[in-house]
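Engineer: just need the structure, nothing else, for what follows:
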Amino acid sequence: MLSKVEAADSEAPGLLFIKEVRDEILSHSDWNGMQHNSRSGFAAYYRYKPRNIGHLCQDPDNGVSISTPKIHRAVLERIKGNSVAYAPTGLPADYQVVVTRGNVPSYETPTQSTHRANASNAALDVIYWRRWLYRGLLLTTITLLASRFFLDWTAGGICKDTACVFDPLMQLAMSTLPDFASGWFEVLRQKPPWLWGLSLAFLLLFTLKWIAPRKTQAKATAAWSALKGDCTPARWTPTLKSRLRDAAHSTLRTAARWLTAGSVLAVILFLLLAAVSYTTYYVRSTFGALCQDTDATPLSTPRSVMLDISTPCFATGIAVQEGQTYRFNVSALPWADGEYAASPNGITPLGLAWAVPFR
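Structural biologist: Numbering: from 1, shown residues only. Reported below is the predicted structural model:
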């Protein structure tokens, strides 16, 4: 930034650089500074799409057309120095090196840059599958988050079968976390197939997440081997993965992008409405605005009551008394909710699965 201001107008009135301060700032500049991982921890859920300079410079959808991108010298010095594991995959074969001070050094010959860009496709193939790995992680996480809304579970229920192995840990989590989080643990305690299925899915995904970056780094480093002073990179030949990757940047990409964005927006709105529905129900129930007191009379003779399950606050009109013993029977008449067959556990038609979160 200092050099840009100096180059623009070294005699700008009122602008004065203190030489000692400027020299100190320059002394701290380092091409091989610390490299941070912006996708560590929960940041792994951030969209995975490494920048491809060639695609960014030729983007007709946004009216961008740059024939020769400019790459700062620091990028090439960082790669050449080999002090940090830095090997970008998005640099095209044709580019222009720019500097902020001094002369422009030469880093790659035209032949070397062509070989390097060609060899980088091996790393780009891995990146292509890593993007599918990222989508798999999102889908598995959404499945876990949605499980408490679509699966039957009982608050305070007992653990089932092999899920009891982890029951002490889940009980500890339920007692530590807020009450609203208990639903997810109850599903896992009472549905062993979901517990083991999701556990294996996350184990596989995070194992591949650990392997894939190292494989990408190895192939990208091999592509830059000439600049790093090792050898000429191996020649790359097109594969099925590369053809799929090229297809992702065609018209199909635009259609898939809009379809994906629309689907994600629909899911977000759906979950938002479900959250509002649950929150409204909880608040009304907490403040006594959901069900009101009704008149009831003590039970002196047997009485039949037809339950109206469509009314959450349905009142039987019967008042029970302390110290009395009562017996009740449920008739064997077929249970139904309108045209749908039902049972004491609810209804199960798939056509109504979308409405489960609004129960």
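
Engineer: show me the strands in the protein, by range?
Structural biologist: Assigned by DSSP state E, the strands in the chain fall at 58-59, 64-65, 70-72, 96-98, 297-298, 318-319, 336-337, 340-341.

Engineer: run the chain-centre distance for the second one.
Structural biologist: Looking back up the chat, that one is strand 64-65. Distance, stretch centre to chain centre, for strand 64-65: 30 Å (C-alpha atoms, centre = their mean, to the nearest Å).

Engineer: excluding chain neighbours, what is closest to Ala87?
Structural biologist: Counting by C-beta to C-beta, 6 or more residues apart in numbering, Ala220 is the residue found nearest to Ala87 once chain neighbours are left out, at 3.8 Å. Just so you know, the C-beta spots here come from the backbone N, C-alpha and C atoms, and that holds for glycine as well.

Engineer: tell me which of the strands of the chain lies nearest to Val305.
Structural biologist: Closest to Val305 of the strands of the chain is strand 318-319 (C-beta to C-beta; 7.2 Å).

Engineer: parallel or antiparallel, which strands does the closest one pair with?
Structural biologist: strand 297-298 (parallel) (DSSP bridges).

Engineer: which residue lies nearest the spatial centre of the protein?
Structural biologist: Residue closest to the average C-alpha location in the chain (C-alpha atoms, centre = their mean): Tyr45, at 3.3 Å.

Engineer: can you pull the pLDDT of it?
Structural biologist: Tyr45 is assigned a predicted lDDT (pLDDT) of 82.

Engineer: quick one, helices of the protein?
Structural biologist: Using DSSP state H, the helices of the chain run over 2-8, 19-27, 53-57, 73-81, 110-119, 121-150, 167-176, 182-190, 192-223, 240-247, 251-286.

Engineer: so which bits of the fourth one are buried?
Structural biologist: Under the neighbour-count criterion of 16 or more other C-beta atoms under 10 Å, helix 73-81 has 73, 75-76, 78-80 buried.

Engineer: and which of those is nearest Gly323?
Structural biologist: The closest of the buried residues of helix 73-81, once distances to Gly323 are taken by C-beta to C-beta, is Arg78, at 83.2 Å.

Engineer: residues contacting that closest one?
Structural biologist: 31-32, 84, 86 (C-beta atoms under 8 Å, 6 or more residues apart in numbering).

Engineer: the residues you listed, buried ones only, as a PyMOL selection?
Structural biologist: Those of the contacts of Arg78 that count as buried under 16+ other C-beta under 10 Å are selected in PyMOL with:
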select buried, resi 31+86
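
Engineer: could you export the contacts of Arg78 as a markdown table, including pLDDT?
Structural biologist: Below are the contacts of Arg78 laid out as a markdown table (pLDDT from 0 to 100):
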| residue | pLDDT |
| --- | --- |
| Trp31 | 81 |
| Asn32 | 80 |
| Val84 | 79 |
| Tyr86 | 86 |
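
Engineer: mind putting the contacts of Arg78 into JSON lines with distance to Ser277?
Structural biologist: Formatted as JSON lines, those follow (distance: C-beta to C-beta, whole Å):
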{"residue": "Trp31", "distance to Ser277": "55"}
{"residue": "Asn32", "distance to Ser277": "54"}
{"residue": "Val84", "distance to Ser277": "50"}
{"residue": "Tyr86", "distance to Ser277": "49"}
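
Engineer: relative to Leu56, which of the contacts of Arg78 is nearest.
Structural biologist: Using C-beta to C-beta, the contacts of Arg78 come closest to Leu56 at Tyr86, 19.2 Å.

Engineer: give me the pLDDT value at Arg39.
Structural biologist: Reading off the model, Arg39 has pLDDT 77.

Engineer: my read is that it contacts Pro50, right?
Structural biologist: No. In this structure Arg39 lies outside contact range of Pro50 using C-beta atoms under 8 Å: 10.2 Å.

Engineer: list the buried ones in stretch 258-275?
Structural biologist: Ala274.

Engineer: may I have it as PDB, with CA atoms only?
Structural biologist: Coordinates of each C-alpha in stretch 258-275 appear next as PDB, following Å, rounded to 0.1, in the frame of the first residue of the first chain:
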ATOM      1  CA  TRP A 258     -30.000 -22.200  -9.500                       C
ATOM      2  CA  LEU A 259     -31.700 -25.500  -8.700                       C
ATOM      3  CA  THR A 260     -29.500 -26.000  -5.700                       C
ATOM      4  CA  ALA A 261     -29.900 -22.500  -4.500                       C
ATOM      5  CA  GLY A 262     -33.700 -22.700  -4.800                       C
ATOM      6  CA  SER A 263     -33.800 -26.100  -3.000                       C
ATOM      7  CA  VAL A 264     -31.600 -24.800  -0.100                       C
ATOM      8  CA  LEU A 265     -33.700 -21.700   0.200                       C
ATOM      9  CA  ALA A 266     -36.900 -23.800   0.400                       C
ATOM     10  CA  VAL A 267     -35.400 -26.100   3.100                       C
ATOM     11  CA  ILE A 268     -34.300 -23.100   5.100                       C
ATOM     12  CA  LEU A 269     -37.700 -21.500   4.900                       C
ATOM     13  CA  PHE A 270     -39.400 -24.800   5.800                       C
ATOM     14  CA  LEU A 271     -37.200 -25.200   8.900                       C
ATOM     15  CA  LEU A 272     -37.700 -21.600   9.800                       C
ATOM     16  CA  LEU A 273     -41.500 -22.000   9.700                       C
ATOM     17  CA  ALA A 274     -41.200 -25.200  11.800                       C
ATOM     18  CA  ALA A 275     -39.000 -23.400  14.300                       C
END
